[in-house]
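J.: Based on what follows, work out the 3D shape:
(one chain, ligands or ions: 2)
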Amino acid sequence: MTNTAFVRPRPAVVTDPMVSLSGLLREWLPRQRWFAGKDRPVNELGLLSLTELFPGCLHLLVRAGDDCYQLLLGVRPHLSPRHGRALIGRAETGPLAGMTVFDALQEPRSAQLLLERLRRPGGAGPLRFEADPSVPLPSGLVPRVLEAEQSNSSLVYGDEFILKVFRRVQPGVNPDLEVPGALAGQGCARVPAPVAWFRTTYPQEATLGVLQPFLRDASDGWTLALRALAAGDDFTLQARELGRATAEVHLALAVSFPTGAHEEGVRTASAMTERLDAAADTVPALRPYVPGLRTAFGALVACDPGPPAQRIHGDLHLGQVLRAGRDWFVIDFEGEPSRPLAERRSTHSPVRDIAGMLRSFDYAARQRRPWRPEWARRCREAYCAGYAERAGWDPRKKHGLLRAYETDRAVYEVLYEARHRPDWLPVPMAAIERLAVRGG
Ligand SMILES: Nc1ncnc2c1ncn2[C@@H]1O[C@H](COP(=O)(O)OP(=O)(O)O)[C@@H](O)[C@H]1O
Ligand SMILES: O=P(O)(O)O[C@H]1O[C@H](CO)[C@@H](O[C@H]2O[C@H](CO)[C@@H](O)[C@H](O)[C@H]2O)[C@H](O)[C@H]1O
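T.: Numbers count the residues shown, from 1 in each chain. Ligands and ions are numbered 1, 2, ... in the order given. Next up is the predicted model:
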């Protein structure tokens, strides 16, 4: 979304509201977890589109640096102190002078009206609200903001549905709508199916939010793994079932979307090397390990190409899987948020997902002192065994591939932690050291 043309408000609302909003948003945006540009000041905000969603609620797409963000802003004379967390500030100048501006997603009345909007398919200016007509959406469900460390913002309605509002918007269909929709069409029960969604048609087509059933009694894999570690419990049964669930999702993806040829070793190795070099430019701690890590990528050229490329999850880790009863569900098919959407929607080796989950067992084991490498090793074994049971091929027999993909994932994690959670940097750095120096 690089088109910065000002969209005339449809339906007409206020003129040039950015005069009122820019200063407030420049302060507020860098404090939001989902805002990617924290490392530089927000100098200029470009308005891409503005729509009055309902009275007192503006929908905005704004450009900050190279990124486009979706904002739902409440604008009222006053905000109850009970909802102080939603407050962005009081506009001093421009057409909204004197009004209180707040994050509408964190204010219950606005969140309720947003669900009402999803219940009635139709348009509002460039926005389109759509729903699966076979799923009844009750009115009056009480909203609450999900208190999770998230890349987006999610609202839970009456513990029945969860609405994910994408914050960083890229043109095109978001895989987190596309993939669960296609998998539901294949009857894959491992992924909650979208029941309603909204998108924009301006300045370019883009998915803005998806509503899906809320798995009420579910716990995510990360929480369960840490709980097992703290109690000294074995986690191999769960890991094995998770391996099976991953393979089932991969099989469903392979029939729902076109598959590709085997990823070509030379091309994959050079893409991974490029990512490594870019990461080492940003994170100096990586530099001493670059030659050793390159060896892992270089080995791809000679090793068995592995399974054919296909659509995958793209950012699989323990936080992306939910266990309800004895079943694992997979969520969040957006892929790695920093990659371009076209790349996230293309085919890749399924080994990429497997490597993501294997790295996650290592992350979990490193949350305890002393570090529990045996716990991680057993989970990794069990996960691969479960995967092999369903997929018909065993990831453990693809050592060279697995090492390269794990290395690539650890490099991504180093960059991610450096940007978002510098205190966590030692976790992927320990893996980098292991992969570069000891080779696996
Ligand atoms: N269908 C669901 N049922 C229950 N909880 C969910 C569901 N979808 C997401 N969640 C919860 O919301 C959290 C964030 O969802 P996710 O899609 O990973 O968002 P993000 O991409 O912003 O990180 C998950 O970790 C999980 O706890
Ligand atoms: O926000 P997303 O879930 O899309 O994923 C991003 O954030 C994750 C952290 O919240 C990050 O995952 C890394 O930390 C996890 C523990 O918090 C660990 O289980 C993962 O293995 C590790 O990669 C993920 O990389 C990032 O894309």
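J.: ok, the residue lying closest to Pro258 once chain neighbours are set aside - contacts?
T.: Once flanking residues are discounted, Pro258 sits nearest to Thr347: 7.4 Å by Cβ to Cβ, 6 or more residues apart in numbering. No exception for glycine: its C-beta is placed from N, CA and C like everyone else's. Counting by Cβ atoms under 8 Å, 6 or more residues apart in numbering, Thr347 makes contact with Phe257, Pro258, Thr259, Gly260, Ala309, Gln310, Arg311, Ile312.
J.: Please apply the same query to Ser270.
T.: Counting by Cβ under 8 Å, 6+ apart, Ser270 has contacts Phe297.
J.: Got the phi and psi for the residue in the stretch 201-350 of the chain that ligand 2 sits nearest to?
T.: Using Cβ to the nearest ligand atom, His317 is the residue of the stretch 201-350 of the chain that sits closest to ligand 2, at 3.5 Å. Main-chain dihedrals, His317, degrees, to the nearest 10: phi -150, psi 180.
J.: swap in Arg403?
T.: Dihedral angles of Arg403 (phi, psi; degrees, to the nearest 10) stand at phi -60, psi -40.
J.: What's the local residue count around it?
T.: 20 (other Cβ atoms under 10 Å).
J.: Distance-wise, check it relative to ligand 2.
T.: Computed with Cβ to the nearest ligand atom, to the nearest Å, the distance linking Arg403 and ligand 2 is 17 Å.
J.: Only the buried residues of the worst-scoring helix or strand of the chain on mean pLDDT, if you could.
T.: Every helix and strand of the chain was ranked by mean pLDDT, DSSP states H and E. The lowest is helix 341-344, at a mean of 90. Residues Leu341, Arg344 are the ones in helix 341-344 that count as buried (16 or more other Cβ atoms under 10 Å).
J.: related to what we said a few turns ago, the residue of the stretch 201-350 of the chain closest to ligand 2: what's it in contact with?
T.: Taking Cβ under 8 Å, 6+ apart as the criterion, His317 is in contact with Trp222, Gly356, Met357, Arg359, Ser360, Tyr363.
J.: In a markdown table: these, plus pLDDT.
T.: Shown next, in a markdown table, are those (pLDDT from 0 to 100):
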| residue | pLDDT |
| --- | --- |
| Trp222 | 98 |
| Gly356 | 98 |
| Met357 | 98 |
| Arg359 | 98 |
| Ser360 | 98 |
| Tyr363 | 98 |
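J.: could you dump those to CSV with secondary structure, neighbour count and distance to Arg26?
T.: Compiled in CSV, those are given as follows (DSSP: H, G, I helix; E, B strand; the rest coil; neighbours: other Cβ atoms under 10 Å; distance: Cβ to Cβ, whole Å):
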residue, secondary structure, neighbour count, distance to Arg26
Trp222, helix, 17, 33
Gly356, helix, 25, 35
Met357, helix, 26, 39
Arg359, helix, 25, 36
Ser360, helix, 26, 36
Tyr363, helix, 21, 34
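J.: Can I get the buried ones among the contacts of Thr347 as something I can paste into ChimeraX?
T.: For the buried members of the contacts of Thr347, the matching ChimeraX selection, counting by 16+ other Cβ under 10 Å, is:
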select :257,309,310,311,312
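J.: For the contacts of Thr347, point out the one with the lowest pLDDT.
T.: Lowest pLDDT among those: Gly260, with 82.
J.: Reduced to three states, what does that one come out as?
T.: At Gly260 the chain is in coil, as set by DSSP: H, G, I helix; E, B strand; the rest coil.
J.: again, but for Leu61
T.: Per three-state DSSP, Leu61 ends up strand.
J.: I'd say it and Thr200 touch.
T.: Yes. Using Cβ atoms under 8 Å, Leu61 makes contact with Thr200 at a distance of 6.8 Å.
J.: and for these two, which residues touch both?
T.: Taking Cβ under 8 Å, 6+ apart as the criterion, Leu61 and Thr200 both touch Ser49, Val169.
J.: Centre of the chain to the least confident helix or strand of the chain, how far?
T.: 13 Å (Cα atoms, centre = their mean, to the nearest Å).
J.: got the CA coordinates for it in PDB?
T.: Output in PDB follows, covering the C-alpha atoms of helix 341-344 (Å, rounded to 0.1, in the frame of the first residue of the first chain):
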ATOM      1  CA  LEU A 341       2.600 -11.300   1.200                       C
ATOM      2  CA  ALA A 342       3.400 -12.800  -2.200                       C
ATOM      3  CA  GLU A 343       6.200 -14.800  -0.700                       C
ATOM      4  CA  ARG A 344       4.100 -15.900   2.200                       C
END
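J.: List the contacts of it.
T.: Applying Cβ under 8 Å, 6+ apart, the contact partners of helix 341-344 are Gln170, Pro171, Gly172, Asn174, Pro175, Gly314, Glu334, Gly335, Glu336.
J.: Could you tell me the model confidence score at the fourth one?
T.: Residue-level confidence at Asn174 comes out at 96, pLDDT.
J.: In which helix or strand does the nearest residue to it once chain neighbours are set aside reside?
T.: In this structure, Asn174 finds its nearest non-sequential neighbour in Thr207, 3.6 Å apart by Cβ to Cβ, 6+ apart. Using DSSP states H and E, Thr207 sits within strand 206-213.
J.: Can you name every helix or strand that that strand contacts?
T.: Under the contact criterion of 3 or more Cβ pairs under 8 Å, 6 or more residues apart in numbering; DSSP states H and E, strand 206-213 touches strand 161-165, helix 175-185, strand 196-200.
J.: Include mean neighbour count and distance to ligand 2 when you put those into a markdown table, please.
T.: Formatted as a markdown table, those follow (neighbours: other Cβ atoms under 10 Å; distance: least, Cβ to the nearest ligand atom, whole Å):
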| stretch | mean neighbour count | distance to ligand 2 |
| --- | --- | --- |
| strand 161-165 | 22 | 11 |
| helix 175-185 | 21 | 10 |
| strand 196-200 | 23 | 18 |
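J.: which stretch among these comes nearest Gly94?
T.: strand 196-200 (24.0 Å; Cβ to Cβ).
J.: quick one: that closest one to strand 206-213, angle?
T.: If you take axes from the mean of the first three to the mean of the last three Cα atoms, to 10 degrees, strand 196-200 sits at 170 degrees to strand 206-213.
J.: Contacts made by strand 196-200 with the rest, please.
T.: Contact with strand 196-200 is made by 49, 61, 117-119, 121, 126-132, 135, 137, 169, 177, 205-211, as judged by Cβ under 8 Å, 6+ apart.
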